[in-house]
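**Q** Predicted model, plus sequence, below.
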Amino acid sequence: MNKQEWIVALKSFQQTQRQLNPIPDRDSLSDEEEWHCRIIGGEFTSWFKHQLRKIVGQRTALRVMSFDPQPLIVFTTTIPGLVAAREIIPGPSENFFYLLHTEFQEWGKDHPVDKFTFHIHHWSYFRQIDQELLLRAHTAYPGVNAEEYRIHSSGDLWGVRSGAEGDHLWRWNGQEMELLEEAFSQKMF
């Protein structure tokens, strides 16, 4: 697929997904989802303003890879993140797509990935804490109940084995989110 074919296919898929699973209004989010929306929106805005420029610069420096100088941005998240993305970039865009993380994984099964020649994938979402991180969290923060831990994963891929991911440890006390440790776990690709 060339860039235009990829854009058309992804745009069509995104529109179909939003018809099947519309983005809810922000006022319908639960209290915890509202906090997720704020955190994901803030993280995305910061990434867009600061990290994206660095990534595009790194891609430009690697001229042998033939990276497109105006890459598409694919942002994957959860429902609160979609609410935030719609507020940050409300109208249709030719170079910015936002989908549920699971939707993009599904789409990728039927569409060849372009090896990041013309796109950058950024993600930001809250997920279930796995057993390894739960044990580490309980050791580092023994006064927190296990059911209060939350993991916010954010990262990007901009080339084959080129990117980073961080898992940030949060606490939900039933009323508000508290950041316990940024980059509680991190990896480079």
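**A** Structure's in. What do you need?
**Q** Which residue, other than its chain neighbours, is closest to residue 103?
**A** Leaving aside its sequence neighbours, residue 103 sits nearest to residue 17 (C-beta to C-beta, 6 or more residues apart in numbering; 5.2 Å). Every residue, glycine included, has its C-beta placed from N, CA and C.
**Q** Same question for the helix or strand where that neighbour lies: list its buried residues.
**A** According to DSSP states H and E, residue 17 maps onto helix 3-20. Buried residues in helix 3-20, defined by neighbour count with 16 or more other C-beta atoms under 10 Å: 6-7, 10, 13-14, 17.
**Q** Dump the C-alpha coordinates for that helix into CSV.
**A** The C-alpha trace of helix 3-20 is given here as CSV (Å, rounded to 0.1, in the frame of the first residue of the first chain):
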residue,chain,number,x,y,z
LYS,A,3,0.6,6.4,1.7
GLN,A,4,-2.7,7.5,0.1
GLU,A,5,-4.2,4.0,0.0
TRP,A,6,-3.2,3.5,3.7
ILE,A,7,-4.8,6.9,4.6
VAL,A,8,-8.1,6.0,2.8
ALA,A,9,-8.2,2.5,4.3
LEU,A,10,-7.5,3.8,7.9
LYS,A,11,-9.9,6.7,7.5
SER,A,12,-12.7,4.4,6.4
PHE,A,13,-12.0,2.0,9.2
GLN,A,14,-11.9,4.8,11.8
GLN,A,15,-15.3,6.1,10.5
THR,A,16,-16.8,2.7,10.7
GLN,A,17,-15.6,2.2,14.2
ARG,A,18,-17.0,5.5,15.4
GLN,A,19,-20.4,4.6,13.9
LEU,A,20,-20.3,1.3,15.7
